[in-house]
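Q: Provided below are the primary sequence and the corresponding predicted coordinates.
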Amino acid sequence: MPKNIIVGQSGGPTAVINASLAGVIMEAKDYEAEHIYGMVNGIEGFLKGKYVDLKDKVKTAEELNVLCQTPSSYLGSCRYRLPSPEKENDVYEKLFKELKRLDISALFYIGGNDSMDTIDRLSSYGKLIGSDICFIGIPKTIDNDLAVTDHTPGFGSAAKYVAAVTKETVRDCAVYDLKSITFLEIMGRDTGWLTAAAALAKSEDCEGADIICLPEVPFEIDGFLAKAKELFKVKNNLVVAVSEGLVTKEGKNLCEAYSEIKKVDAFGHKIFSGTGRLLADIAAEKLGCKTRAVELNTVQRSAAHIASKTDIDEAFMAGAYAVRAAEEGENGKMVIFKREGNYKCTAATFDIARIANEVKYVPSEWIASDGLNVTKELTEYIRPLIQGEPETVYKDGLPAHLVL
């Protein structure tokens with residue numbers, strides 16, 4: 001392994017993103033990397049000269065273990081999009097000058113789709129100028145929407161949290177003998193993978209979510225109300241899981257269809273919230289029943305107290321595999337997962353240019369014909385990813401965290 005490497009974290013946090021960082025650190029130490037630098041607040045922070053030597057920060061096996069169970073991004077994050085070299089070449093000149101000064105042989109970026117775009121741009125520019133730095137993407141997203149890979153680190157733990165919350169909500173709603181609908185609004189701007197995890201709550205001791213709505217299917221309010229009326233004939237309390245990114249048949253986000261949404265993030269994505277509250281208000285008016293909306297919001301991203309051990313182990317594997325790939329000279333790649341049998345997960349790499357800016361949607365055959373639930377095949381796909389409970393280190397009655 002060449003002397004120095006650098007790693008950053010970007011985009012929204014997860015419960016296991018630091019397990020991937022731990023995998024990078026451990027594997028780089030095994031290869032006797034002289035310096036293991038960590039960008040503080042991703043590429044944006046690195047451009048401002050913000051980085052640390054992780055060898056000085058994570059020194060012991062105990063600290064590495066606590067890092068694995070620490071949610072959110074240990075190094076901090078950003079939502080900074082690299083400009084195209086044609087427009088702002090000076091940004092790339094500054095980045096590569098600093099990478100050269102630090103004698104960096106490999107750069108790793110842990111993140112989702114927009115982060116893979118960053119790796120794609122850096123590796124392409126590096127090849128253009130003849131740089132020998134290896135650029136490797138390590139996947140991370142609770143949305144599970146990265147192309148090619150079977151699934152993404154972070155999704156399994158978030159899915160476990162969503163399924164547990166759904167199960168607990170069903171219990172809570174069953175207390176009173178009156179007509180009611182509880183809407184659980186779950187993250188998913190473009191895809192419904194995480195919302196679909198609510199279906200896992202259905203088991204011998206739980207009826208599960210009654211209706212599940214994903215953004216892959218245009219949402220029709222009349223169809224939803226008709227389904228709710230039908231269910232009210234046999235039960236009093238309904239639990240409905242909805243993606244924040246539900247769209248109308250015209251292709252507009254549900255919230256956008258009812259109000260002007262003007263806020264966007266750094267990547268130009270419209271920011272939506274309030275889908276559950278909107279539907280609760282409509283249902284209360286049209287059906288005359290009690291309604292409430294629960295927006296899980298950011299708590300579903302970093303719920304490490306109910307993390308999946310499978311997810312933690314695979315996230316760690318992804319980080320370690322990335323270092324091995326760089327040691328073998330791979331460049332412009334992302335670590336992907338392959339599923340074998342029932343259930344084994346192995347890692348590989350794939351061309352980042354064929355992954356960045358692509359979206360993996362829930363297959364139509366895994367969605368119920370009426371668009372208001374999901375199939376058994378989808379729950380069977382998710383269930384192995386939520387298995388296992390890690391041995392958590394506690395301090396003063398609460399999970400211990402490693403902070404920078």
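A: Happy to help now that I have it.
Q: Just confirm Val240 is within a strand.
A: Yes - remark: Val240 belongs to a strand, assigned using DSSP: H, G, I helix; E, B strand; the rest coil.
Q: Check the contact between it and Thr182; I expect there is one.
A: Yes - contact criterion CB atoms under 8 Å: Val240 and Thr182 qualify, at 7.1 Å. (Each C-beta comes from the backbone N, C-alpha and C, glycine too.)
Q: Those two: which has the busier surroundings?
A: Higher neighbour count among Val240 and Thr182: Val240, with 26 against 23, using other CB atoms under 10 Å.
Q: and the more buried one, what does it touch?
A: Val240 makes contact with 181-184, 209-213, 228, 279, according to CB atoms under 8 Å, 6 or more residues apart in numbering.
Q: any low-confidence regions in the stretch 51-200 of the chain?
A: Under the criterion pLDDT under 70, no range of the stretch 51-200 of the chain is flagged.
Q: What segments of the protein are strands?
A: All strands of the chain, identified by DSSP state E, fall at 4-9, 35-39, 51-53, 104-111, 134-139, 180-186, 211-213, 237-243, 290-295, 333-340, 344-351, 394-395, 398-399.
Q: By neighbour count, which of the contacts of Val240 wins?
A: Using other CB under 10 Å as the neighbour criterion, Ala209 leads the contacts of Val240 with 30 neighbours.
Q: Could you give the backbone dihedrals for that one?
A: Geometry field for Ala209 lists phi and psi as phi -70, psi 140, criterion degrees, to the nearest 10.
Q: wouldn't it be in contact with Val239 here?
A: Yes - taking contact to mean CB under 8 Å, the distance of 5.1 Å between Ala209 and Val239 places them in contact.
Q: Overlap in contacts, the two.
A: Here Ala209 and Val239 have 166, 170, 184 as joint contacts, going by CB under 8 Å, 6+ apart.
Q: separation between the closest residue to Ser203 other than its chain neighbours and Lys360?
A: Closest residue in space to Ser203, ignoring its immediate chain neighbours: Lys167 at 7.8 Å, by CB to CB, 6 or more residues apart in numbering. According to CB to CB, to the nearest Å, Lys167 stands 26 Å off from Lys360.
Q: Kindly report the same for Ala15.
A: 21 Å.
Q: picking that back up, now the shared contacts of Ala209 and Val239 in CSV, with distance to Leu64?
A: Listed next are the shared contacts of Ala209 and Val239 as CSV, based on distance: CB to CB, whole Å:
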residue, distance to Leu64
Thr166, 33
Val170, 38
Leu184, 35
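Q: buried ones in stretch 368-377?
A: With burial defined by 16 or more other CB atoms under 10 Å, the residues of stretch 368-377 counted as buried are 371-375.
Q: follow-up on the earlier one: run a quick neighbour tally on the residue nearest to Ser203.
A: Neighbours of Lys167 (other CB under 10 Å): 21.
Q: correct me, but it touches Glu207?
A: No - counting by CB under 8 Å, Glu207 is not a contact partner of Lys167; they are 9.5 Å apart.
Q: quick one on the thing from earlier: neighbour count winner among Ala15 and Lys360?
A: In this comparison of Ala15 against Lys360, neighbours counted by other CB under 10 Å, the higher total goes to Ala15 at 30 against 20.
Q: got the contact list for that one?
A: Ala15 makes contact with 71, 154, 157-158, 161, 301-304, 307, 311 under the criterion CB under 8 Å, 6+ apart.
Q: how near is it to Ala280?
A: Distance from Ala15 to Ala280, by CB to CB: 28 Å.
Q: cool, and Leu231?
A: As for Leu231, its distance to Ala280 is 16 Å (criterion: CB to CB).
Q: sorry, back to before: tell me who's in contact with the residue nearest to Ser203.
A: Contacts here follow CB under 8 Å, 6+ apart; on that basis Lys167 touches 201, 203, 206, 208.
Q: Could you check how many residues crowd around Leu64?
A: Using other CB under 10 Å, Leu64 has 20 other residues around it.
Q: Find the residue closest to it in space, skipping its chain neighbours.
A: Residue nearest to Leu64 in three dimensions, not counting chain neighbours: Ala22, with 5.2 Å by CB to CB, 6+ apart.
Q: Over to Ala241?
A: In space, Ala241 comes closest to Ala198 once its chain neighbours are excluded; the distance is 3.6 Å by CB to CB, 6+ apart.
Q: Would you check that the one you found makes contact with Ile211?
A: No - with the criterion set as CB under 8 Å, Ala198 and Ile211 do not qualify as a contacting pair; they are 9.6 Å apart.
Q: what is in contact with those two at once?
A: By CB under 8 Å, 6+ apart, the residues touching both Ala198 and Ile211 are Ala241.
Q: Now do the same contact list for Asn331.
A: The neighbourhood of Asn331, defined by CB under 8 Å, 6+ apart, consists of 123, 126-127, 133-136.
Q: run the last query once more with 6 Å
A: Shown in contact with Asn331 (CB atoms under 6 Å, 6 or more residues apart in numbering): 123, 134-135.
Q: Need the phi and psi values for it.
A: In this entry, Asn331 is assigned phi and psi values of phi -150, psi 140 (degrees, to the nearest 10).
Q: and which of the shared contacts of Ala209 and Val239 is nearest Glu340?
A: Sorting the shared contacts of Ala209 and Val239 by distance to Glu340 puts Thr166 at the head of the list, at 29.0 Å, by CB to CB.
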